[in-house]
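Novice: Okay, predicted coordinates and the sequence, questions at the end:
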Amino acid sequence: MAGGRIGIMGGTFDPIHHGHLVAASEVAGLFGLDEVIFVPTGQPWQKTERAVSPAEDRYLMTVIATASNPRFSVSRVDIDRGGPTYTIDTLTDLHDQRPDADLFFITGADALAQIVTWRDNQRLFDLAHFIGVTRPGFHLADSHLPEGVVSLVEVPAMAISSTDCRDRVGRGMPVWYLVPDGVVQYIQKRSLYREVPRRPVPDVRDPARQPPTDHLQEVPR
Ligand SMILES: Nc1ncnc2c1ncn2[C@@H]1O[C@H](COP(=O)(O)OP(=O)(O)OP(=O)(O)O)[C@@H](O)[C@H]1O
Ligand SMILES: O=C(O)c1ccc[n+]([C@@H]2O[C@H](COP(=O)([O-])O)[C@@H](O)[C@H]2O)c1
């Protein structure tokens, strides 16, 4: 097949973390993909509970995180289109750019469970094969989808979320090793996620013995 096998990893990436990178790398290995294109969303219309970071910050963090892998690249299609991001548009644009390629859209178990709520979801499967990957805390299933349109695969378990990364920065806790080093430095340089409300630090052994939190303001970031 002349156009190659292209994985597409769509996400808000606010910030991108090692859960995204490990999932993309594992799927590339399992499915013999020639490349994986990471596609940061424009406006993620189903994430209404908070304001997402500027698209340029999310784009640059994704570029930094993927730069060391020659098979990874980043597309601006969703950002440059503007407005709410619909995967039907993402796949249409990437198909137009690479008409001879086979497209494989990668989703975590949580996103896969929501596909029936996506715009034009019946047509999505004409444009790409979907790959659902395991994610700690979520059940991976395709029972609500047409037969044969999705492959379900296990990837190394990375109990990481962007929500937790943002919360950690807001609490003055480190995100080293949860996100690539360059992304830690970008978050610091741009002072991202400082406004996330601080939450009490849980003590899993004894709720009465909480570690001191008054030092957290002093932690250099
Ligand atoms: N740890 C993970 N393991 C496997 N897949 C993941 C993981 N984290 C995110 N994904 C998948 O990556 C895609 C993009 O995720 P997204 O950018 O929304 O990250 P997130 O960590 O879920 O963000 P948030 O916590 O802000 O909701 C989705 O398909 C999601 O299911
Ligand atoms: O097409 C839709 O209606 C749609 C609705 C929600 C999410 N998506 C896509 O799913 C991918 C993961 O999104 P998210 O919100 O979990 O970061 C990303 O590529 C989104 O554009 C797509």
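Specialist: Arrived safely. Keep in mind that this is a model prediction, so the values were computed, not measured. Numbering: from 1, shown residues only. Ligands and ions are numbered 1, 2, ... in the order given.
Novice: Near ligand 2, which residues of this structure are found?
Specialist: Applying CB under 6 Å from any ligand atom, we find that the chain lies next to ligand 2 at 10-12, 39, 41, 44, 46-47, 85-88, 111, 118-119. For glycine as for every other residue, the C-beta is placed from the backbone atoms N, C-alpha and C.
Novice: ok, 8 Å please
Specialist: 8-14, 39, 41, 44-47, 78, 84-90, 105, 107-108, 110-111, 114-115, 117-121, 124 (CB under 8 Å from any ligand atom).
Novice: From those residues, list the buried ones, please.
Specialist: Buried by 16 or more other CB atoms under 10 Å: 8-14, 39, 41, 44, 78, 85-90, 105, 107-108, 111, 115, 124, out of these.
Novice: Considering only those, which also neighbour ligand 1?
Specialist: Answer for those near ligand 1 (CB under 8 Å from any ligand atom): 9, 10, 11, 12, 13, 14, 41, 44, 107, 108, 111.
Novice: Start and end of stretch 176-193, how far apart?
Specialist: From its first residue to its last, stretch 176-193 covers 15 Å (CA to CA, to the nearest Å).
Novice: Also stretch 121-132?
Specialist: Span of stretch 121-132 from end to end, CA to CA: 15 Å.
Novice: pLDDT of that stretch, averaged?
Specialist: The pLDDT scores in stretch 121-132 average 96.
Novice: In contact with the residue of the chain found nearest ligand 2, which residues?
Specialist: Going by CB to the nearest ligand atom, ligand 2 is nearest to residue 10 of the chain, at 2.0 Å. Neighbouring residues of residue 10 by CB atoms under 8 Å, 6 or more residues apart in numbering: 38, 39, 41, 78, 85, 87, 90, 105, 106, 107.
Novice: What of residue 186?
Specialist: 15, 57, 60, 61, 64, 192.
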